[in-house]
Structures are given as C-alpha cells and as structure tokens.
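[1] Please work out how this folds:
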Amino acid sequence: MSTANIADQESQAEIEAIKQVVAKVEHVQNNELPDEFIALFRADAIWTTGHGKRLFGRDAISTFTHQVLPGGMQGATVTFEIEHVLFIRPDVAAVKVRQVYRNLDGTQDVGTPMFVMAKEDGQWRLTACQNTIVADTD
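    Reported below is the predicted structural model:
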C-alpha cells in the first residue's frame, strides 16, 4: 500500500470520528442532555453562541448550557450536517456544519457553526466553536 493510500485511509478514519462527535452534538441537543454536551468540550474551550454570547472554558459553557438546554428544544428538533473538514494539522480540524432547527409549525432556522476540534487522548474534542445564524438573503 502506498503512503498516499495510508494517509487517505487515516484521514477518512479521522473524518468518521469527527462525524461521530457532530452526531453526538445533534443527539444531546435533541434530547436535552447538557452533561453529555459539556463532555464533548476541552476544559479550556471557547464557545460563541448563535446570539453572540462568548463563553470561555468548560465551566462557563456548562453554566450556560444548564440554563438554556433543558426545555430549549421543546417543540423543535435540530439536525447537523458536516459541509467541510479542513485538517489544520493531523490532530486539529476546522469543521463547517450546516445546522437546521425545525419547529412543529414547519418553520426552520438555519445556522452555520464552525467547530475547531482537537484530538486528545484519542478523542476529538470541541475546542473553539462559533455558532452563526444564517440571515435571510432575500
């Protein structure tokens, strides 16, 4: 097997592992599981919410998440689809996500989060994340 093929297989395995983290974010949000959400972050992570609230460190992310997530998904669901993965280094990736919130009345809000993830101790962790609402362009 050539070196290129080995690198390709390794990249695909890492992308699959990253997809699992993004799927977990979707699962924990839809099921309002704040502790499982917090476990996806590095201790020193940065999170900027869709409304621009800046949170520094897992403790601040936890406090905020425990305030908004329980009950926050009532009457709604969210899906996350990875649009692009850029490996900055083999253990650091910028992950562009399409996020769609759907309400029971059929309305939806679209977001475009950027998850910078780092691999530590064999696990991909959310490290620096920015959640941005997509403005209506019409």
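
[2] Report the backbone C-alpha coordinates of stretch 18-26 in CSV.
    The C-alpha coordinates for stretch 18-26 follow below in CSV (Å, rounded to 0.1, in the frame of the first residue of the first chain):
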residue,chain,number,x,y,z
ILE,A,18,-15.4,13.7,13.7
LYS,A,19,-18.7,12.8,12.2
GLN,A,20,-19.5,10.8,15.4
VAL,A,21,-18.8,13.9,17.6
VAL,A,22,-21.1,16.1,15.4
ALA,A,23,-23.8,13.4,15.5
LYS,A,24,-23.4,13.3,19.3
VAL,A,25,-23.9,17.1,19.4
GLU,A,26,-27.1,16.6,17.5
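
[3] what's in contact with it?
    For stretch 18-26, the external contacting residues (CB atoms under 8 Å, 6 or more residues apart in numbering) are 36-37, 40, 78-80, 82, 85, 93, 95, 97, 115, 117, 124-126. All C-beta atoms are positioned from the backbone trio N, CA, C, and that covers glycine.

[4] again, 10 Å this time
    Here stretch 18-26 makes contact (CB atoms under 10 Å, 6 or more residues apart in numbering) with 33, 36-37, 39-40, 77-82, 85, 87, 93, 95, 97, 99, 113, 115, 117, 119, 123-126, 129.

[5] same check, this time on stretch 67-77
    For stretch 67-77, with CB under 10 Å, 6+ apart as the criterion, the contacting residues are 26, 28-35, 37-38, 49, 53, 65, 78, 100-105, 107-109.

[6] if we can go back for a sec, buried among the contacts of stretch 18-26? Need that as a selection in PyMOL.
    Applied in PyMOL, the following selects the buried portion of the contacts of stretch 18-26 according to 16 or more other CB atoms under 10 Å:
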select buried, resi 33+37+40+78+80+82+85+93+95+97+99+113+115+117+119+124+125+126+129
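
[7] Among the contacts of stretch 18-26, name the ones in helices.
    The helices, defined by DSSP state H, take in Glu36, Phe37 from those.

[8] thought Ile82 was touching Ile15?
    Yes. Taking CB atoms under 10 Å as the contact criterion, Ile82 and Ile15 are neighbours in contact, 8.1 Å apart.
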